[in-house]
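Colleague: Sequence first, predicted model second:
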Amino acid sequence: MEDDVLSLSAHGESIGDDSSSKATELSDMMVIDEVGYEDNTDEPSDSREVQDEGIYNQYVHNQRSAGALGPAPYTVTSSSQEIESNSMTTFKSRSHKCFVCGLVTHGKMRRHVLKTHLPWYWEPHTACWSCEVQEAQAGSLAQRHTMEHGVGSTVFDEEHIHLWCQLMLGSLHQIRSWLECSTLDDLLDYILQRELYTFVKNQFSSQELQLLTFWADNYCHSSVPTYICNPSNHLICIFNWELIAVLLSRVGSVKQERFLVQKQRLTYEGANIAEPISQSEDQLAFVDSHFHLDQILRRMRLRNFQHLQSVVAPGCSQYFYYGVANYVFPSRWNNWASDVGFAQGISKRQMDQLDSLTDSHLCVAIGEVGLDYTTTCICRPCRNPSKCKEEARRNQEEAFVQMLLLARRKHFPVIIHCRDCGDGSAAKRTLEIILYHDLVDMKFYRHCFDGTIEEMTAWQQLPTIIFGVSGKFIRDNTGLEVIPRIPPHQLVLETDSPFLSPFPWCPVNHPWNLPVIAKEVSRLRNIPLSVLMWTVNDNALKFFQIPRQRQ
């Protein structure tokens, strides 16, 4: 038993015979429980016995009675009072038992959990990002930097913040899968239903809240004004060291060891960020979520997609990974390439053909469809403009509903076109039709979105909505307020080529202008270009189910 006990003075020095003490890194622990580590298994448990806070006093009393401990350097009492002994002043603290391993410590349980049970990056401000080691104290980190790297201190900054966000998502998904939760939202429900948050005694610091707010704004689906751990009001509360320790206590020792070395970088939905798609600024891979290939070929008098690429991007380092061509005609389908899919929209007089056209394996969506209040009638001259306008809108709505029902039957996403004179009436009416027909469970893409924040919020009633940003904002200097506010999981980029060229000297827009759009969006959103490109590419590929189509 003597070898299992390490008694330390208030300054961390061994008490008693040096030969009977282990040389171990437990400078913040006063006594190790006689039982040691609890016997964990891989089977989740719905209840964990919390150690009685009197175990420390009882254990010390028993050991001293048996002669296993030397004379007490100070007296342990049941209250937090000041004690003087041998000219040394100290304070009695409560003993704590680790939820994960059962170890009883007399003091810094947070430090023990961070260094022993959580991945090194969990507390980024006290981690050495060069050595990938968690120090759990700013002083220890500064000492490591001085001894190992020859510098007094370094700071966790923008160079690391996106990597940290992605690593933390990887850790959350690891826990989620072990607890048999389908999504991260289900993991939060798991915590709430079992009231696991009641074990949390500490809230986030202001420094932690700044970091977590960045994570929620850039990598999560939602945010709240104030993050509260007990009771938990957001998924972000799992970052609390006490709450993650409680979750780890339910997965068993083998998985706890695996959790320590978790280094997957994932998105909120669980997609692996380590994709074989180059995202350096010298060679950006991009997905153009919306362009009109047949119109580009016609305007530039080119034969097919390969011909277009050879003309506009000879030797270009920007890599066209995939694109979705919209509103195309069957006679032009032989002009496609394997990395171009199409979305089928059609006029009312061609509605009978639409069902069969969407059977093609290249079809990935219905669209663009919707309401356009800027069109004019073909009457020359028009004797009753108001009647023609009313009839045109009625016809548009009828065709729109038919296409929506077809998309639902065939499980296609829908690309929405809304255009008016700037009053938002077309977008408002389009959304009303979707809600009226109870189609909120479908996937919708607001193509070329340049609406207000209020309009974006209204469309977010649709849970799988995404918003396409084109180069229009560069040319017209519009949408500068809303672009930074689009949630990252709802953002995709498009050229809408051959229309909406971002440059006056480029009369025919084309997909290889998309990296220019991306650079401006990354500047507005204040995130690295490589991170933005990965996010929007991933959003587009998942929305259109492109990986499945390309396999």
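Modeller: On my side now, so go ahead.

Colleague: Which pLDDT value belongs to residue 124?
Modeller: If you check residue 124, the pLDDT there is 90.

Colleague: Could you verify my assumption that it touches residue 160?
Modeller: Yes: using Cβ atoms under 8 Å, residue 124 is in contact with residue 160, at 6.6 Å. All C-beta atoms are positioned from the backbone trio N, CA, C, and that covers glycine.

Colleague: Strands of the stretch 151-300 of the chain, residue ranges please.
Modeller: With strands called from DSSP state E, counting those that start in this stretch, the stretch 151-300 of the chain shows them at 279-280, 283-291.

Colleague: Relative to the last one, what are the paired strands and their orientations?
Modeller: Read that as strand 283-291. Strand 283-291 has its sheet partners listed here by DSSP bridges as strand 279-280 (antiparallel), strand 319-326 (parallel).

Colleague: mind putting those in a markdown table, distance to residue 392 and mean pLDDT included?
Modeller: What follows is the strands paired with strand 283-291, written out as a markdown table (distance: least, Cβ to Cβ, whole Å; pLDDT from 0 to 100):
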| stretch | distance to residue 392 | mean pLDDT |
| --- | --- | --- |
| strand 279-280 | 45 | 45 |
| strand 319-326 | 21 | 84 |
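
Colleague: Quick one: closest of these to residue 255.
Modeller: Between residue 255 and the strands paired with strand 283-291, the shortest separation by Cβ to Cβ is 31.6 Å, and it involves strand 279-280.

Colleague: circling back to that earlier point, pick out whichever of residue 124 and residue 160 has more residues nearby.
Modeller: For residue 124 versus residue 160, neighbours defined as other Cβ atoms under 10 Å are more numerous around residue 124 (20 against 16).

Colleague: quick one, what contacts that one?
Modeller: By Cβ atoms under 8 Å, 6 or more residues apart in numbering, the contact set of residue 124 is 156, 160-161, 164, 211.

Colleague: hey, which helix is longest across the protein?
Modeller: Looking only at the chain and at elements set by DSSP state H, the helix with the highest residue count is helix 385-410.

Colleague: list the buried ones in that one?
Modeller: 388, 392-393, 396-397, 399-401, 403-404, 406-408 (16 or more other Cβ atoms under 10 Å).

Colleague: Could you single out the nearest of these to residue 231?
Modeller: Using Cβ to Cβ, residue 408 comes nearest to residue 231 of these, at 37.9 Å.

Colleague: I'd say that closest one and residue 442 touch.
Modeller: Yes: between residue 408 and residue 442 there is a contact under Cβ under 8 Å: 5.8 Å.

Colleague: Where in this protein is the helix or strand with the lowest mean pLDDT?
Modeller: The weakest-scoring helix or strand in the chain, judged by mean pLDDT, DSSP states H and E, is strand 82-85 (a mean of 38).

Colleague: re the thing from before, quickly run through the sheet partners of the next helix or strand along the chain from the longest helix of the chain, with directions.
Modeller: Where DSSP states H and E defines the elements, the next helix or strand beyond helix 385-410 is strand 414-419. With DSSP bridges as the test, strand 414-419 is paired with strand 363-372 (parallel), strand 444-446 (parallel).

Colleague: ok, residue 408 - contacts?
Modeller: Residues in contact with residue 408 (Cβ under 8 Å, 6+ apart) are 439, 442.

Colleague: Which two of the contacts of residue 124 have the greatest separation?
Modeller: Pairwise distances among those were taken by Cβ to Cβ; the largest, 10.6 Å, belongs to 160 and 211.

Colleague: which other residues reach the helix or strand harbouring residue 475?
Modeller: Here residue 475 sits within helix 472-476, counting by DSSP H and E. Residues outside helix 472-476 that contact it (Cβ under 8 Å, 6+ apart): 448, 450, 478-480, 483, 496, 500-504, 516-517, 520.

Colleague: how many degrees apart are the longest helix of the chain and strand 414-419 in direction?
Modeller: On the basis of axes from the mean of the first three to the mean of the last three Cα atoms, to 10 degrees, helix 385-410 is oriented at 170 degrees to strand 414-419.

Colleague: if you average pLDDT over helix 385-410, what comes out?
Modeller: pLDDT averaged over helix 385-410 gives 88.

Colleague: for the stretch 51-200 of the chain, what are the low-confidence residue spans?
Modeller: Within the stretch 51-200 of the chain, the stretches with pLDDT under 70 are 51-94, 107, 150-155, 158-159.

Colleague: rerun at 80
Modeller: Where the stretch 51-200 of the chain drops to pLDDT under 80, the residues are 51-96, 105-107, 145, 148-160, 162.

Colleague: Same question for the stretch 451-551 of the chain.
Modeller: For the stretch 451-551 of the chain (pLDDT under 80), the answer is 505, 546-551.

Colleague: Any idea how many residues pack against the closest residue to residue 496 other than its chain neighbours?
Modeller: Excluding the flanking residues, the one nearest residue 496 by Cβ to Cβ, 6 or more residues apart in numbering is residue 470, at 4.6 Å. By other Cβ under 10 Å, 29 other residues sit near residue 470.

Colleague: And residue 470, how far from residue 130?
Modeller: Going from residue 470 to residue 130 by Cβ to Cβ, to the nearest Å gives 41 Å.

Colleague: Give me the phi and psi angles of residue 482.
Modeller: phi -80, psi -30 (degrees, to the nearest 10).

Colleague: right, and it touches residue 451 too?
Modeller: Yes: at 6.8 Å, residue 482 counts as touching residue 451 under the criterion of Cβ under 8 Å.

Colleague: How far does stretch 504-524 sit from its chain's centre?
Modeller: Here the centre of stretch 504-524 is set off from its chain's centre by 25 Å, with Cα atoms, centre = their mean, to the nearest Å.

Colleague: Buried ones in that stretch, by neighbour count?
Modeller: Neighbour counts over stretch 504-524 (16+ other Cβ under 10 Å) mark 509-522, 524 as buried.

Colleague: Compute the first-to-last residue distance for it.
Modeller: Its start and end residues considered, stretch 504-524 measures 21 Å (Cα to Cα, to the nearest Å).

Colleague: swap in stretch 250-270?
Modeller: End-to-end distance for stretch 250-270: 21 Å, by Cα to Cα.

Colleague: and which of the buried residues of stretch 504-524 is nearest to residue 231?
Modeller: Distances from residue 231 to the buried residues of stretch 504-524, taken by Cβ to Cβ, are shortest for residue 524, at 35.9 Å.

Colleague: which residues touch that closest one?
Modeller: Going by Cβ under 8 Å, 6+ apart, residue 524 touches 480, 483-484.

Colleague: any chance of these in CSV, plus distance to residue 412?
Modeller: CSV is the format used below for the contacts of residue 524 (distance: Cβ to Cβ, whole Å):
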residue, distance to residue 412
480, 33
483, 27
484, 30
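
Colleague: which among these end up buried?
Modeller: By neighbour count, with 16+ other Cβ under 10 Å, those hold residue 483 as buried.

Colleague: Between the contacts of residue 524, which sits nearest residue 430?
Modeller: Nearest to residue 430 among the contacts of residue 524: residue 483, at 21.0 Å, using Cβ to Cβ.

Colleague: if I read this right, the closest one contacts residue 469, doesn't it?
Modeller: Yes: between residue 483 and residue 469 there is a contact under Cβ under 8 Å: 5.9 Å.

Colleague: where do the contact lists of the two overlap?
Modeller: The contact sets of residue 483 and residue 469 overlap at residue 521 (Cβ under 8 Å, 6+ apart).

Colleague: What residues of stretch 133-151 count as buried?
Modeller: If you call a residue buried by 16+ other Cβ under 10 Å, then stretch 133-151 has these buried ones: 133-137, 140-142, 144-145.
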